[in-house]
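> No letters, just coordinates:
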């Protein structure tokens, strides 16, 4: 084949010098992205870096192809650049002298083929020095290597161009030979080879050829109204082994390769060979509002590279021609659409020099992928597709947005809660939580949602002490620290002392936060912070309008932490806090209550009285009384004084005896029922003053008692009869006085009162003769129930008489019994044993001379004390201490040696030692034989 040169049809000579970018593009920099949308984009964009900017600074890109290993970039200068996925140049092939129109890898990525307007098809080995060059003398527009090019020796490829022939080149034993698969329908604009299927596009439409059956299986007609192919090329791409996606002009069709024979439908012309087992069926077809400059699969959807010019209005094409290069084109757009033409997202790409590009200047290629890992809007890690948008001066990489991109988009559009939820759900890197948290907090602060920001800090800041402290001081700067304090950690992490001190001071300076201050001081461990700075911040506020009870309580807690118990007690007492009593007991501050008696009584009088009495040795009664009487306030100080003195009197009647005069009045005012017992118990009040108080308060029984103590019994009796009208009490009173004249007074005062006379008759039996009363009753006085009362008097008198006789009989019998008992006792002798007998009794005890001497001395002393003989026998007159023999002592106080008294040393009477016999023993002795008697007395024992 002869070689021929062909000038570039695209005419890129004027694009070699890049025009200056607009200010807007300069601000965007090298990062290419989508415009702001309400809906989150599906793809993210980035310009390919590495060697690409420098390569395109002196040349212009014309085509691109992607394999699993690397990228091939063709230029208008005829150079094929082999790049890695970062854009770094790996190899370059100066294969052509004109524009590289198409590039193709084999399935293994070991060979790269290129075709050009210079009429050449060049295939280079990427890992070998192999190079195959084929000359066709006409501009070649499309090329596809056999997917098994590297594995088969046939080295097949298909190519086509302006000549209108689709050629299959294969190596035979005679060399490389071309086979015409199709011809006569205009230039071949695109060709793609997948497994055994070859699809190509010419001016008539798209055809599919089955290499397995070596026949054409389908024809898809070109959409009507499309621009000429030289202005807008058709784009075909195999999504998988059975789906072919066609983008041509403003039309998108998807053809499915089927194996079941059927008649052609949907405008598909099927070949006449009925033995064919494959055919194509259109499964999706729709029109777009833009020209298609590239098409690629996106899972179950499609990615379309849209060309936009100013000749479009509202998405409706006004003509079927594309404007010339006059700087009127708009930015190209990337549309993701479903097979039903539903727009999922649209992104605008600010590529360099887009104003001057035509639709055919753009290209879209994608890295090979199965397309089966797309699910729920997310791609499996490592399976996401990559898209490469190429234009003369730019190569832009588009890839599905990952979880971190999703989170970034949420943050940019103010969906901070959703971004946080996404991070917590495990999407993105763990460290991303710090960034999301910081931005979320910043957003809430800007929105002045301080409480919400504070509540999220534990979740967002976690265990970072530095982050916590930074936000603590930031909240403090904003005067919103009280919102954060409840969430501040006290451990894991533990912050600096200053952070906690600043927080407490912030609470103290805000009256509405004093409740939180108190709870915080109680809950935070004291070792977290220094107490003095906080105390110093609170103390100046005590005398200001901003002072609250809660602030004082918090200060008390701080005083306790700092062991300033005196200040804490003083503040507790001034606050009249009920906990002051427990505080005093817990810290043994009883010495301090002396000056706070009134305050303690006002807090809880019962507890105060109990404490004052319990510690009366510290706070004397005189001090308590003095403070209560000298105090001023709206409380009843006399009642408090009464409570104290009453309780003190019950504990110690003499402790407050100097105040008993006052107590009489206090009892009369506050507890009259307790006055009478007090009058009975106390001896330290003035009777006349007490009487005046009782008269003033009309306390009649108390008057009776005081008059009785004063000796004015007649007046007391008069009060009982005339005021109390209680004759029973009058009788009891008179009975206690033991004054017969008082009975006359009682009778005289009652003689004209029939009812009292009747009662008097009933209750005087035993105290007064009823006849005496009857005689003093005036004649004719009608006494109620007189008969019954007389009967009762007589009955009671008989009973009393009977009782007296019985008592006298009992008394006489007792006297006789006692005399008999005395007589019998007087007859008994007392037997005192010898020393030997005493030693036998003390067997088991320590023996010694001192014990014997003490026993002898005790015996002599006992004998002397009981006898009249001065410790001598009344017969032999020998001292009892000389002879160690038993002794008998009679109640007449005469004592004898038993041998002397009986005349024999062996015949001792059976008497109990050191004791007397009972009557039975005496009778037994009398019956059994000899009896002992005192020979000196006329009355013998027997």
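All right, it came through fine. Since the structure is predicted, the reported quantities are computational estimates derived from the model, not experimental observations.
> any chance you could map the helices in the stretch 751-900 of the chain?
With DSSP state H, counting those that start in this stretch, the ranges of helices along the stretch 751-900 of the chain come out as 754-763, 770-776, 786-827, 835-841, 849-866, 898-902.
> tell me, which of the ones you listed is the model least confident about?
Mean pLDDT values for the helices of the stretch 751-900 of the chain show the minimum at helix 849-866, a mean of 48.
> neighbours around residue 751, how many?
Neighbours of residue 751 under the rule other Cβ atoms under 10 Å: 16. No exception for glycine: its C-beta is placed from N, CA and C like everyone else's.
> should've said residue 502
What residue 502 shows, counting by other Cβ under 10 Å, is a neighbour count of 22.
> need the strands for the stretch 151-300 of the chain, in chain order.
Assigned strands in the stretch 151-300 of the chain, in chain order: 157-161, 166-172, 175-182, 190-194, 197-201, 205-210, 215-221, 235-238, 243-248, 251-258, 279-287, 291-298 (criterion: DSSP state E, counting those that start in this stretch).
> which one of those is the most hemmed in?
When you average the neighbours per residue for each of the strands of the stretch 151-300 of the chain (mean count of other Cβ atoms under 10 Å), strand 157-161 leads with a mean of 27.
> what angle do that strand and strand 175-182 make?
If you take axes from the mean of the first three to the mean of the last three Cα atoms, to 10 degrees, strand 157-161 sits at 60 degrees to strand 175-182.
> let's number from 32 now, not from 1
All set: I'll call the first residue 32, so the last point we hit is now strand 188-192.
> which secondary structure elements does strand 188-192 contact?
Here strand 188-192 touches strand 142-147, strand 151-156, strand 171-176, strand 197-203, strand 221-225, strand 228-232, going by 3 or more Cβ pairs under 8 Å, 6 or more residues apart in numbering; DSSP states H and E.
> Go again with 7 Å.
strand 171-176, strand 197-203, strand 221-225 (3 or more Cβ pairs under 7 Å, 6 or more residues apart in numbering; DSSP states H and E).
> Could you report the distance from residue 193 to residue 240?
20 Å (Cβ to Cβ, to the nearest Å).
> where do the helices sit along the stretch 482-631 of the chain?
In the stretch 482-631 of the chain, the helices defined using DSSP H, counting those that start in this stretch lie at 496-508, 512-515, 528-539, 545-554, 562-569, 580-592, 596-606, 611-618, 628-634.
> winner for burial among those helices?
For the helices of the stretch 482-631 of the chain, the largest average neighbour count (mean count of other Cβ under 10 Å) is found in helix 512-515, namely a mean of 24.
> quick check: mean pLDDT across that one?
Taken as a whole, helix 512-515 carries a mean pLDDT of 92.
> Reformat the helices and strands packed on strand 188-192 as CSV; add mean pLDDT and distance to residue 716.
Output for these, formatted as CSV (pLDDT from 0 to 100; distance: least, Cβ to Cβ, whole Å):
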stretch, mean pLDDT, distance to residue 716
strand 171-176, 96, 130
strand 197-203, 94, 138
strand 221-225, 95, 125
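> what's the closest of those strands to residue 605?
Checking the helices and strands packed on strand 188-192 against residue 605 by Cβ to Cβ gives strand 221-225 as the closest, at 93.8 Å.
> Parallel or antiparallel, which strands does that closest one pair with?
Using DSSP bridges, the strands paired with strand 221-225 are strand 228-232 (antiparallel).
> by how many degrees do the strand it pairs with and strand 282-289 diverge?
Relative orientation of strand 228-232 versus strand 282-289 (the same axes, to 10 degrees): 160 degrees.
> who's in contact with strand 228-232?
Identification of contacts with strand 228-232 by Cβ atoms under 7 Å, 6 or more residues apart in numbering yields 173, 175, 189, 191, 197, 219-223, 237-242, 265, 267, 275, 288.
> one step back: of all the strands of the stretch 182-331 of the chain, which one comes closest to residue 420?
Minimum separation from residue 420 across the strands of the stretch 182-331 of the chain (Cβ to Cβ) falls at strand 322-329, 7.2 Å.
> Now do that closest one: distance to the chain's middle.
56 Å (Cα atoms, centre = their mean, to the nearest Å).
> The following helix or strand past it pairs with which strands, and in what direction?
Next in sequence after strand 322-329, counting helices and strands by DSSP states H and E, comes strand 332-338. Paired neighbours of strand 332-338 in the sheet (DSSP bridges): strand 322-329 (antiparallel), strand 364-368 (antiparallel).
> Could you pull up the mean pLDDT of strand 332-338?
On average, strand 332-338 scores 94.
> Check stretch 730-750 too.
Mean pLDDT, stretch 730-750: 86.
> Other residues contacting it?
Here stretch 730-750 makes contact (Cβ under 7 Å, 6+ apart) with 699, 703, 706-707, 710, 718, 721-722, 725-726, 751, 754-755, 761, 764-765, 768, 770, 773, 776-777, 780.
> Give me the subset of those lying in helices.
Judged by DSSP state H, the contacts of stretch 730-750 include 699, 706-707, 710, 718, 721-722, 725-726, 761, 764-765, 768, 773, 776-777, 780 as members of helices.
> Quickly note the distance from residue 313 to residue 111.
Computed as Cβ to Cβ, the residue 313 to residue 111 distance reads 35 Å.
> rewinding a little: closest to residue 810 out of the strands paired with strand 332-338?
strand 364-368 (137.3 Å).
> Rounded mean pLDDT for that closest one, please.
In this model, strand 364-368 has an average pLDDT of 94.
> ok, residues contacting the next helix or strand after it?
Later in the chain than strand 364-368, the nearest helix or strand by DSSP H and E is strand 374-379. Residues outside strand 374-379 that contact it (Cβ under 7 Å, 6+ apart) are 65-66, 70, 72-74, 332, 362, 364-369.
> which stretch among the helices of the stretch 482-631 of the chain comes nearest residue 822?
Closest of these to residue 822 is helix 628-634, at 61.8 Å (criterion: Cβ to Cβ).
> Just after that closest one, pick out the following helix or strand.
Using DSSP H and E, the next helix or strand after helix 628-634 towards the C-terminus is helix 636-645.
> Direction-wise, compare that next one with helix 611-618 and give the angle.
30 degrees.
> what's helix 636-645 packed up against?
When contacts are defined as 3+ Cβ pairs under 7 Å, 6+ apart, helix 636-645 packs onto helix 611-618, helix 628-634, helix 668-682.
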